[in-house]
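In: please work out how this folds:
(2 chains)
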Amino acid sequence: MVVAAFSDFMQQIVSGLASGGVYALLALALVIIHRSTGVINFAQGEMATLSTYIAWTLTVNHGWSYWPAFVATLAISFGGGVGIHRVVIRPVERGSVLRIVIVTIGLLVAINGFVIWQWGGEPQQLQSPFGTDTYTVGGVVVAAHDVGTIAVALGIVFLLWLLFQFTKVGLAIRAAAVNPEEARLVGVRVTWMLALGWGLAATLGAVAGMLTAPTVGLDPQMMQAVLIYAFAAAILGGIDSPIGAVVGGLLLGVLLNMLSYLSQYGVFDWFSEELRLPAALLIILVVLLVKPTGIFGRPEVKRV
Amino acid sequence: MTPRQTRIIGFVAFAAFVVVIAVLPSFISDFKARDYSYVGIYLIALLGLNILTGYTGQISLGHGAFMAIGGYTTAILMAGNEEFGGPLTGGMKDVWTLPIAGLVAGLFGLAFGIPALRLSGLYLALATFAIAVAMPSTVKRFEEFTGGGSGIQLFGTPELTGSIANVKIFGWSLTPNDWMYYLAWSIALVAFAVAWLILRGRTGRAFRAVRDSETAAVSSGVSLARYKTLAFGISAAYAGVAGGLFGIASAFVNPDAFPVALSIYLLVGIVVGGLGGLSGLVFGAIFITFLPLWAQGQDLGSLLPNRIIEETQKPGGPAIVYGVVLILLMFVIPNGVGGLFRRIGQLISSRRYSRSK
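Out: As a prediction, the model looks like this:
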């Protein structure tokens, strides 16, 4: 009984880390856009869904194998993200925050409509590149897809860290986000750097979508709940902190799985699967009220 | 234009608007009158949201939740909830539940306004959004009060005025749709006048001061805590009345009647109507009521070429049109219809002054 409980516990941790990895990627996308454009991109989830449908079309309708389709989707998403910034966001960027928020909401509605218009509303199946195998390690059953998800998520985060810390482009993107005027003075092409930020965010979303689809099934509403979890993860870690987004995402994934694990054993027995989303929202509210800057966020200093 | 002239023009325009509203049902079909009654209902909610967001600068993405509180208050007062095991017997006539719906939602608004004091800008937007998202599952959780997922049915109950037969009032006989139209619009016009009175005085000045600079407002002796909470309370009360009317007009409340999309569309409505103005909100209300229909190729939409209409009638098509129109509007009229009005007014007055030179 105790052994079974322990292996069950470990399984929940692993699958929690896997879903947390997906939240982390999408949260990271939100953070990148928030740092550069200063808004929450409400269309982030729909952009990810669109990318996933593109991957699905490439593999199912055009007979591509998984990894080439994966890379092609990332490239298309990157271009799409840059395009969205150039065409739709840039004209309103200097206006009020509310105007940009409404534009991202318009994007959300339009992209969701486009996906339904193009591919229909019925769910599709996207295969997992890691197969449906399970491994047993020390009595703990682990799904290959979960392990693969964690590996890909962490790998992407590592690559992104390399990009931001050790390349000139990464430095320029950070400079454009922190202080656009001064960055322009030292020769950074600020609007292009912001567009690159949108491209990177779209790419991260694409990865998150492609990792989500095999477990929950591909449908036009697939990323809506994931986007809320990503909000929660970003707020938990601090909306301006990339590390915070990753830690927040993983933490949130494990935390939510722990709640359902404990509810099986009589602790927190009020918890049920429908309460996963409200629980995440409760986390948003509590963090915002207790420590609005999140775990890793720096307090904002206002100058009069 | 001098302020006095502006005010006279404003009064004349309002009077003309009241006349248009009063005679409109004679020119449209009975069925359309019901659509226009929803315009009135949305207008009430938009007035409230604009007091909070447009005048006080506090973004709310959760006003649908306050509408839900109003809608459920009305429904429970009318139908009672004994059948689910709750304590209220119901039996109140629909119109009388509306002030209570406003009051209850207003109290919730005040209560939420206190923790919201700590938040501003996007953080507040996310916190209110969280409430809108959590609302449906919370309503389902308290089944004994709310009837859970299946909601509360009002159609055909004796408390609902004119659910089947015509309504006789002041010697007039109104069809159920016309009755709903006049009920919604009488309340909307009163709500408009009340909003104008609140905003033109001391309270309105304090709201605007908070919006323009919190620091400056505090140093001029405006209490941030008092006015932000007050704005939340007033705004939620408006949403509550609108929600109550919404329940009466649909003769039904359930969690899906107040989805997250409703909260988002309310925000869209005030931005399209123009933040920090009242008259433009009528267009915001028309926009959120009718754009979904136009996007499907009805009414105005039928002017579009047939090829486009065919495409928009496929599933997903209306949403594409809606989203694209919304984005284009933000490009073309960044300050909403109200901003467009002000711009035209400025052009006229600047011409007058340059001519008199």
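In: just the strands in chain B please.
Out: With DSSP state E applied, chain B shows strands at B:152-153, B:167-169, B:172-174, B:252-253, listed in chain order.
In: can you check the stretch 51-200 of chain A too?
Out: Read by DSSP state E, counting those that start in this stretch, the stretch 51-200 of chain A holds these strands, from start to end of the chain: A:134-137, A:140-143.
In: got the buried residues for the first one?
Out: It refers to strand A:134-137. Buried residues in strand A:134-137, counted by 16 or more other CB atoms under 10 Å in any protein chain shown: none are found. (Glycine included, C-beta is placed from N, CA and C.)
In: just the last one next, same as before
Out: Of the residues in strand A:140-143, A:142-143 count as buried by neighbour count, 16+ other CB under 10 Å.
In: list the contacts of A:Y23.
Out: Residues in contact with A:Y23 (CB atoms under 8 Å, 6 or more residues apart in numbering or on different chains) are A:226, A:229-230, A:232-233, A:248-250, A:252-253.
In: tally of neighbours for residue 67?
Out: Here I'm looking at chain A. The local packing of A:W67 (other CB atoms under 10 Å in any protein chain shown) involves 9 other residues.
In: hm, I was asking about chain B
Out: A total of 35 residues lie near B:M67 under the criterion other CB under 10 Å.
In: what do you get for the one 5 residues further on?
Out: Burial of B:Y72, expressed as a neighbour count using other CB under 10 Å, amounts to 30.
In: find the nearest non-adjacent residue to the residue of the stretch 1-150 of chain B found nearest chain A, please.
Out: Among the residues of the stretch 1-150 of chain B, B:A130 lies nearest to chain A; the distance is 4.0 Å by CB to the nearest CB. For B:A130, the nearest residue in space outside its immediate sequence neighbours is A:L281; the separation is 4.0 Å by CB to CB, 6 or more residues apart in numbering or on different chains.
In: confirm for me that the one you found is in contact with B:A134.
Out: Yes. Using CB atoms under 8 Å, A:L281 makes contact with B:A134 at a distance of 4.6 Å.
In: out of the strands of the stretch 51-200 of chain A, flag the one nearest chain B.
Out: Between chain B and the strands of the stretch 51-200 of chain A, the shortest gap by CB to the nearest CB is with strand A:140-143, which sits at 27.8 Å.
In: now that closest one: how far from the chain's centre is it?
Out: Taking CA atoms, centre = their mean, to the nearest Å, one finds strand A:140-143 lying 24 Å from the centre of the chain it belongs to.
In: I'd like the mean pLDDT over that strand, please.
Out: Strand A:140-143 carries an average pLDDT of 82.
In: ok, now which ones touch residue 276?
Out: Chain wasn't specified; assuming chain A. When contacts are counted by CB under 8 Å, 6+ apart, A:R276 is found next to A:256, A:259-260.
In: my question was about chain B, not that one.
Out: So, once contact is read as CB under 8 Å, 6+ apart, B:G276 ends up touching B:50, B:54-55, B:208, B:211, B:338.
In: same check, this time on A:P91
Out: Contact analysis of A:P91 by CB under 8 Å, 6+ apart lists B:F331.
In: got it, and B:A319?
Out: Residues counted as contacts of B:A319 (CB under 8 Å, 6+ apart) are A:109-110, A:112-114, A:116-117, B:295.
In: cool, B:S220 as well?
Out: Shown in contact with B:S220 (CB under 8 Å, 6+ apart): B:A209.
In: what do you get for A:I150?
Out: For A:I150, the contact set (CB under 8 Å, 6+ apart) comprises A:14, A:17-18, A:21.
In: need the per-residue pLDDT for it.
Out: 91.
In: tell me how far it lies from A:T132.
Out: Here the criterion is CB to CB, to the nearest Å. By it, A:I150 lies 17 Å from A:T132.
In: same thing with B:K93?
Out: 60 Å.
In: got the residues of the stretch 1-150 of chain A near chain B?
Out: Proximity of the stretch 1-150 of chain A to chain B, by CB under 8 Å from any CB of the partner chain, involves residues A:34, A:39-40, A:88, A:91-92, A:95-99, A:101-103, A:105-118, A:120-121.
In: which of those are buried?
Out: In terms of neighbour count (16+ other CB under 10 Å), the buried residues within the residues of the stretch 1-150 of chain A next to chain B are A:34, A:39-40, A:88, A:92, A:98-99, A:101-103, A:105-117.
In: out of those residues, which sit inside helices?
Out: With DSSP state H as the criterion, helices contain A:34, A:98-99, A:101-103, A:105-117 from among these.
In: return the distance of the residue lying closest to A:G80 once chain neighbours are set aside relative to A:A208.
Out: Using CB to CB, 6+ apart and skipping residues adjacent in sequence, the residue nearest A:G80 is A:A202, 5.6 Å away. Applying CB to CB, the value for A:A202 to A:A208 is 11 Å.
In: joint contacts of the two?
Out: Overlap between the contact sets of A:A202 and A:A208, as judged by CB under 8 Å, 6+ apart, is given by A:A29.
In: more crowded one of these two?
Out: Of the pair A:A202 and A:A208, A:A208 is the one with more neighbours under other CB under 10 Å, namely 33 against 30.
In: in chain B, which helix or strand is least confident?
Out: When the helices and strands of chain B are compared on mean pLDDT, DSSP states H and E, strand B:167-169 comes out lowest with a mean of 68.
In: among the contacts of B:G276, which are in helices?
Out: The members of the contacts of B:G276 that map onto helices under DSSP H are B:50, B:208, B:211, B:338.
In: ok, the last one - contacts?
Out: Residues in contact with B:G338, defined by CB under 8 Å, 6+ apart, are B:273-281.
In: mind putting the contacts of A:R276 into a markdown table with secondary structure and neighbour count?
Out: What follows is the contacts of A:R276, written out as a markdown table (DSSP: H, G, I helix; E, B strand; the rest coil; neighbours: other CB atoms under 10 Å in any protein chain shown):
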| residue | secondary structure | neighbour count |
| --- | --- | --- |
| A:L256 | helix | 25 |
| A:L259 | helix | 19 |
| A:S260 | helix | 17 |
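In: residues from the stretch 151-300 of chain A in reach of chain B?
Out: Counting by CB under 8 Å from any CB, the residues of the stretch 151-300 of chain A near chain B are A:220, A:228, A:231, A:235, A:239, A:274-275, A:277-278, A:281-282, A:284-285, A:288-289, A:292.
In: shaky segments in chain B?
Out: Counting by pLDDT under 70, chain B contains low-confidence ranges at B:1, B:82-87, B:156, B:159, B:162-169, B:171, B:298-304, B:352-357.
In: out of the contacts of A:Y23, who has the most neighbours?
Out: Within the contacts of A:Y23, A:A233 tops the neighbour count with 34 neighbours, counted by other CB under 10 Å.
In: I'd like the distance between it and B:T6.
Out: Remark: distance between A:A233 and B:T6 (CB to CB) = 50 Å.
In: and what of A:G38?
Out: Between A:G38 and B:T6 the distance is 35 Å, computed by CB to CB.
In: same deal with A:P220?
Out: The spacing between A:P220 and B:T6, counted by CB to CB, is 48 Å.
In: centroid residue for chain B?
Out: Nearest to the mean C-alpha position of chain B, by CA atoms, centre = their mean, lies B:A45 at 2.0 Å.
In: dump the residue contacts of it.
Out: By CB under 8 Å, 6+ apart, the neighbours of B:A45 are B:63, B:67, B:238-239, B:242-243, B:266, B:269.
In: closest to chain A among those?
Out: Chain A has its nearest neighbour among the contacts of B:A45 in B:G269, at 10.4 Å by CB to the nearest CB.
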